[in-house]
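[1] Give me the fold of what follows.
(one chain, ligands or ions: 2)
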Amino acid sequence: MENEKSRREFLTASILTTLAVGCGKANVFTPENDNVKPSGEKVKLLSVDGDIIEVDKAFLKPAYDENTISNAAARVGIAGKSFVMVIDLARCKNLKKCQDACNHMHGVHPGQNWIKVAPMQETEHTAPYWQPTTCMHCDEPPCVKVCPVDATFKRQDGIVLIDSDRCIGCRFCMAACPYSTRVFNWEDPKLPAEVAAHTYSCETSMPQKTGTVGKCDFCPDMTRNGELPHCVSACPNGVFFFGDMNEDSVTNGAETFRFSELVKDKAGYRLMEDLGTKPRVYYLPPVNRNFPFEVGLENEKQKS
Ligand code: SF4
Ligand code: SF4
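    Numbering: from 1, shown residues only. Ligands and ions are numbered 1, 2, ... in the order given. Below is the predicted model of the structure:
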């Protein structure tokens, strides 16, 4: 028993040290810490001592990267990029994997979701469908225009962000957003201690602060590294496409399309177009649906 315990402590220390030097995007939780049952599937990791060690996959979890971009650089954004999202309503079955991933990776309070999935039905004779919504990252964002302290801003790549270090919690932006996408942080988020201790970054929107406003940020830390936002990667049905309008390309990780052809061929549209906000999120209508409309699938996490 003593041997078993010391081996476990050694593994935990080795792996955490390995991750501390920044070679992975995984963190390790021991059975004692997280009450996790072993899966039986082993993965190999390299410790800082150069040893190959094997760890049960169940004890690995995505970890938050320490951000190295200054808030000043985060405000500028990425030159030459013009980010865009396409959401295919024909593929959504309300599994809410997007919401789970977003909440986990941003430390969002339960019930304060940045991504919402709502049942929609245009008229009594038309079919219901599920509609995920994010921040629309408007090109003419009313939220930015009303912020009295320049805490919310639009970057050169089109992403609209919030700097919680500046935000005074007046909630003018919440009132101005026609998409009701912003949430007010009434309480401290419950974050792992190592995440809560991070210096705040408006590129990761982490850690969220009490008395400020939060919202979907298009995961700019991921896009800076050429990776997809967490909602895109987490959706098993390929609902979310993300890409660059300058390259005319969007992908859900498995399929890639020319953005212009996709929205033209499938009659893409934007929400509340008449307001002139020019959203960067396009929707493909729920025709030729992949799944029937069903309620409650979000509670059956094993289905995908
Ligand atoms: S959807 Fe709302 S919060 Fe997002 S950019 Fe547009 S107005 Fe601002
Ligand atoms: S709540 Fe914060 S981000 Fe929103 S308008 Fe007020 S200061 Fe700006």
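
[2] contacts, neighbours, all on C-alpha from now
    OK.

[3] among the helices and strands of this protein, which one scores worst on average pLDDT?
    Comparing helices and strands within the chain by mean pLDDT, DSSP states H and E singles out helix 2-20 as the least confident, with a mean of 37.

[4] What residues does the stretch 151-300 of the chain have near ligand 1?
    Within the stretch 151-300 of the chain, the positions near ligand 1 by CA under 6 Å from any ligand atom are 160, 177-179, 181-182.

[5] now the end-to-end length of stretch 180-190.
    Stretch 180-190 has its terminal residues 24 Å apart, counting by CA to CA, to the nearest Å.

[6] List the buried residues for that stretch?
    Residues 181-185, 189 are the ones in stretch 180-190 that count as buried (16 or more other CA atoms under 10 Å).

[7] low pLDDT regions in the stretch 51-200 of the chain?
    Residues of the stretch 51-200 of the chain that meet the criterion pLDDT under 70 lie in 61-67.

[8] now do the stretch 201-304 of the chain
    Along the stretch 201-304 of the chain, the parts satisfying pLDDT under 70 run over 298-304.

[9] Out of the residues of the stretch 151-300 of the chain next to ligand 1, which two sit at the greatest distance?
    Between all members of those, the longest pairwise span (CA to CA) is found for 160 and 178 and amounts to 14.6 Å.

[10] Comparing the two, which residue is more hemmed in?
    When neighbours are counted by other CA atoms under 10 Å, residue 160 and residue 178 differ, and residue 160 comes out ahead with 25 against 17.

[11] pretty sure that one is in contact with residue 151, am I right?
    No - because the distance of 10.6 Å does not satisfy CA atoms under 8 Å, residue 160 is recorded as not touching residue 151.

[12] if you look at the residues of the stretch 151-300 of the chain next to ligand 1, which of them are in strands?
    Among these, the members found in strands (DSSP state E) are residue 160.

[13] From the residues of the stretch 151-300 of the chain next to ligand 1, pick the one nearest ligand 2.
    Distances from ligand 2 to these, taken as CA to the nearest ligand atom, are shortest for residue 182 (8.7 Å).

[14] so what's the one residue in the stretch 151-300 of the chain that gets nearest to ligand 1 up against?
    Scanning the stretch 151-300 of the chain for proximity to ligand 1 using CA to the nearest ligand atom identifies residue 177 as nearest, at 3.9 Å. Taking CA atoms under 8 Å, 6 or more residues apart in numbering, we find residue 177 in contact with 141-143.

[15] overlap between those and the residues near ligand 1?
    141-143.

[16] How many residues are close by residue 257?
    Counted with other CA under 10 Å, the burial measure for residue 257 works out to 15 neighbours.

[17] so who does residue 291 touch?
    Contact analysis of residue 291 by CA under 8 Å, 6+ apart lists 90-93.

[18] Scan these and report the most crowded one.
    When neighbours are taken as other CA under 10 Å, the top entry among the contacts of residue 291 is residue 92 (26 neighbours).

[19] close enough to count as contact, that one and residue 236?
    No - when contacts are counted by CA under 8 Å, residue 92 is not listed as touching residue 236 (9.6 Å).
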